[in-house]
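Trainee: Take this sequence and fold it.
(chains A and B)
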2 protein chains.
Amino acid sequence: MSKAFIGGTGMTSFGSFPDRTGRDMFAEAGLAALDDAGLAPEDVDEVFYGNFVGTLAENQGHQGPLAAEALGTTAPSRRVESACASSGLAIRDAVRAVRTGESDVVVAGGMERMSNMGTAGATDGLARAADDLFEVRSGVTFPAAYALLARAYFAEYGGDRTDLAHIAVKNHENALVNDHAHLQQEITVDDALEAPEIASPFGLYDACPISDGAAAVVLVSPAYAAEHSFDAGVAITGSGHGGDTMGVQDRRSLAKTPATRDAAEEAYDDAGIDPTDVGLAEVHDCFTIAEVLALEGLGLYSHGEAIGAARRGETRRDGALPVNLSGGLKAKGHPVGATGAAQVAAIRALLEGTHPRADAVGDDVTVGLAHNAGGTVASATVHVLEVAT
Amino acid sequence: MSKAFIGGTGMTSFGSFPDRTGRDMFAEAGLAALDDAGLAPEDVDEVFYGNFVGTLAENQGHQGPLAAEALGTTAPSRRVESACASSGLAIRDAVRAVRTGESDVVVAGGMERMSNMGTAGATDGLARAADDLFEVRSGVTFPAAYALLARAYFAEYGGDRTDLAHIAVKNHENALVNDHAHLQQEITVDDALEAPEIASPFGLYDACPISDGAAAVVLVSPAYAAEHSFDAGVAITGSGHGGDTMGVQDRRSLAKTPATRDAAEEAYDDAGIDPTDVGLAEVHDCFTIAEVLALEGLGLYSHGEAIGAARRGETRRDGALPVNLSGGLKAKGHPVGATGAAQVAAIRALLEGTHPRADAVGDDVTVGLAHNAGGTVASATVHVLEVAT
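Mentor: The predicted model follows:
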């Protein structure tokens, strides 16, 4: 279908900022995105705001109007919530607002603030992305749930903790030059293997950190771009969304993610591309195994093949398909509601050549992909970004 | 723009059901809506789910996939949150999914469960629809905030508690035949005036109850309807959305609601109608004054005129413009996330002649309106429904 130009992007640094409010962080990200686009608050037609646990972390529901106010506007707004895929969904629904012709300039993004909840509070908050009745009350935390997926994957396709360690090492390495990243810390495979166990087979370095931060993307309609001679280098050309059962106990396989598959197929079809056209990807690596499941669900690797991709170097920055050049959730950080928008911002900067890791993107690469997942991939969004022609 | 046919609607009774889960209630409403439409779970392309405080009330975020599961599908889903306007927004974004041609059959609705939180817990939960930093921490509860609006209205345009009492009496009277209503209790003007004061000038009968319940609407694209000879009696022909500052302290006037005005203007323009075409309305009467503010914001009355409308009989069921024939939030009840969808369901049933108060709708009436508001009208949605021709 019709494209939505990316007019601008913005993000805060990701990290631990317990003394910042959500509205303060979203103001920084959103105003930077508007400034990047050369647009003013009064140009904004709508705001789509992703947030997961602000009702707990800030005692704040109804965050849409606050997000709009943070941008200096009272434009119509809503909060879109889909756990860790909240701003992926915010972008998807924002793309639609542009596609129907109802809006010309839309800000989509999100924010999460969790460090002020403490580790126990944040773990409790994150657990609300799982099924309270059938998972959480059985003692399943998120590291435990993804550990189940890793064990199932190993049993079905092979692979081991060393394969996972190479993913962590790669993403930490990618983040070293990204000043917005939460973790700018080089690690080795041995560091990862020797780290304290958090949920077998995971050690500490198999998990992303609990981060605070915000990110925003300004989308511009083709009609507006033409009328205002708006020069956008990159557009969202495909959008997809998939669903699955909430609880892992209802899945046919714990080693596959059909929500990602469905989202990818829809996005590829929407953009009129094949998986082979994709030259770089930001995928949802909340745990190392999640990067493997994502790459296979996206059709970028066959089942059983992605587990060795980082170890073989294929998804490293000098590989054939660089994955998570931003550092991924693993090292860039994962402020839940901001992640999907930050991924889109990263792909756009990589395609435009303004990202600190842009030197890893070949001149022939014109198509990138952002994959955002909620819960144990009960929800997934995929956006295809292309250099605008 | 293009219309979205209403294929079916469903709702639970509204009331106090602390032992029911949200997924149970949404299953009842959603499956009833699908049954009403003659459609099966596998026909559903997407789910848009409105909910406000489930993160607190049920320890449950990421409710989209649970709502889809309640319908028997893993179709893509998301939660849309805009406080008390959550399912009005869910319907708006669902209409867009149909308009872009990306989906043919969409379920939009919502659920709220608050009685299990206790009165103090529910009051605390509802306060999250206001600005935590600048309103809630100053001691503003929702009855207090709307009481401020009522006092400002009286000061600017006149009116008194007796005018408000007539609104409560009317809406209670309308609900007497609605078996889904939370409050089926006849009251008199004296009852309202003599009720305990909750926040001056409000007495107990100026406020809606805290309710549990769910509601759902099945939307069908024109293309699908044509292909499947789908016979829908009513369509959504106009959709609008407005925003305002979150906190009342930032408003230019406390006696006007520009979010409602903007939503209405957009919806009328979208449907190609004028306010004078509207033959009946369900408006967001969380407090009696809110019905007055809504009718004026919607352009159905001039400023200062709606305060006397119920007293003069004009908005009663035998009046020229029946308002809240369902009983409104006031008497039908207000399970926050379900309210917007329940309003659309009521207007549809009233236009189709299947509602217990349909005898109040003249044969010449073909246009109805549903108005849903979030917070102190920091968000508002308006949907225009028309008899399908």
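Trainee: Per-residue pLDDT of the residue nearest in space to the middle of chain A, please?
Mentor: For chain A, the residue nearest the mean C-alpha position is A:Gly340 (3.3 Å; Cα atoms, centre = their mean). With respect to pLDDT, A:Gly340 scores 98.
Trainee: correct me, but it touches A:Ala90?
Mentor: Yes - A:Gly340 is in contact with A:Ala90 according to Cβ atoms under 8 Å; the separation is 7.0 Å. Heads up, the C-betas are built off the backbone N, CA and C, glycines and all.
Trainee: overlap in contacts of the two?
Mentor: Jointly contacting A:Gly340 and A:Ala90 under the rule Cβ atoms under 8 Å, 6 or more residues apart in numbering or on different chains are A:50, A:110.
Trainee: Excluding covalently adjacent residues, which one is nearest to the residue nearest to the centre of chain A?
Mentor: A:Gly88 (3.1 Å; Cβ to Cβ, 6 or more residues apart in numbering or on different chains).
Trainee: wouldn't the one you found be in contact with A:Val377 here?
Mentor: No - counting by Cβ under 8 Å, A:Gly88 sits too far from A:Val377 to count as a contact (11.9 Å).
Trainee: more neighbours, the two?
Mentor: Neighbours were counted for A:Gly88 and for A:Val377 using other Cβ atoms under 10 Å in any protein chain shown; A:Gly88 has more, 33 against 30.
Trainee: circling back to that earlier point, residues touching the residue nearest to A:Gly340, list them.
Mentor: By Cβ under 8 Å, 6+ apart, A:Gly88 lies in contact with A:50, A:82, A:339-341, A:343, A:370, A:372-374, A:380-381, A:383.
Trainee: Restricted to helices, list the residues you listed.
Mentor: Using DSSP state H, the subset of the contacts of A:Gly88 located in helices is A:339-341, A:343.
Trainee: Need those residues in a markdown table (columns: distance to B:Val218).
Mentor: A markdown table is the format used below for the ones in helices among the contacts of A:Gly88 (distance: Cβ to Cβ, whole Å):
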| residue | distance to B:Val218 |
| --- | --- |
| A:Thr339 | 32 |
| A:Gly340 | 28 |
| A:Ala341 | 31 |
| A:Gln343 | 33 |
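Trainee: Name the nearest of those relative to chain B.
Mentor: Nearest to chain B among the ones in helices among the contacts of A:Gly88: A:Gly340, at 11.7 Å, using Cβ to the nearest Cβ.
Trainee: show me what contacts the closest one?
Mentor: Contact analysis of A:Gly340 by Cβ under 8 Å, 6+ apart lists A:50, A:85-91, A:110, A:370, A:372, A:381.
Trainee: Tell me which helix or strand in chain A has the weakest average pLDDT.
Mentor: The weakest-scoring helix or strand in chain A, judged by mean pLDDT, DSSP states H and E, is helix A:118-127 (a mean of 90).
Trainee: Which parts of chain A are strands?
Mentor: For chain A, the strands defined by DSSP state E occupy A:4-11, A:46-50, A:77-81, A:105-112, A:197-199, A:202-203, A:213-220, A:234-243, A:280-282, A:367-374, A:379-387.
Trainee: Let me see the confidence value for the residue nearest to A:Gly64 when sequence neighbours are not counted.
Mentor: In space, not counting the residues next to it along the chain, A:Gly64 is nearest to A:Ser77; the distance is 3.3 Å by Cβ to Cβ, 6+ apart. Predicted confidence (pLDDT) for A:Ser77: 98.
Trainee: And A:Ala263, by the same measure?
Mentor: For A:Ala263, the model assigns a pLDDT of 98.
Trainee: residue contacts, it?
Mentor: Counting by Cβ under 8 Å, 6+ apart, the residues that A:Ala263 touches are A:240-242, A:371, A:380-382, B:76.
Trainee: Top of those residues by number of neighbours, please.
Mentor: Neighbour counts for the contacts of A:Ala263 (other Cβ under 10 Å) peak at A:Thr381, which has 35 neighbours.
Trainee: A:Pro65 contacts B:His241, doesn't it?
Mentor: No - taking Cβ under 8 Å as the definition, A:Pro65 is not a contact partner of B:His241, at 11.7 Å.
Trainee: what residues do the two have in common as contacts?
Mentor: Common neighbours of A:Pro65 and B:His241 (Cβ under 8 Å, 6+ apart) are B:Ser379.
Trainee: how close does the residue nearest to A:Gly340 get to A:Asn51?
Mentor: Separation of A:Gly88 from A:Asn51 (Cβ to Cβ, to the nearest Å): 13 Å.
Trainee: any idea of the mean pLDDT in stretch A:98-111?
Mentor: Stretch A:98-111 comes out at a mean pLDDT of 96.
Trainee: starting at the chain centroid, how far to stretch A:224-235?
Mentor: When C-alpha coordinates are averaged (Cα atoms, centre = their mean, to the nearest Å), stretch A:224-235 and its chain have centres 25 Å apart.
Trainee: for that stretch, which positions count as buried?
Mentor: By neighbour count on 16 or more other Cβ atoms under 10 Å in any protein chain shown, the buried set for stretch A:224-235 is A:224-225, A:230, A:232, A:234-235.
Trainee: and which of these is nearest to chain B?
Mentor: When the buried residues of stretch A:224-235 are compared against chain B (criterion: Cβ to the nearest Cβ), the nearest one is A:Ala235, at 16.3 Å.
Trainee: who's in contact with the closest one?
Mentor: By Cβ under 8 Å, 6+ apart, the contact set of A:Ala235 is A:3-6, A:385-386, A:388.
Trainee: returning to what we had before: who does the residue nearest to A:Gly64 bridge with?
Mentor: Per DSSP bridges, the residues bridged to A:Ser77 are A:Val47.
Trainee: burial measure for it, as a count.
Mentor: Each residue near A:Ser77 was counted by other Cβ under 10 Å, and the total is 29.
Trainee: What separation do you get for the residue lying farthest from the centre of chain A and B:Ser229?
Mentor: Distance to the chain centre peaks in chain A at A:Glu227, reaching 31.6 Å (criterion: Cα atoms, centre = their mean). Distance, A:Glu227 to B:Ser229, by Cβ to Cβ: 41 Å.
Trainee: Also A:Asp93?
Mentor: Per Cβ to Cβ, A:Asp93 is found 31 Å from B:Ser229.
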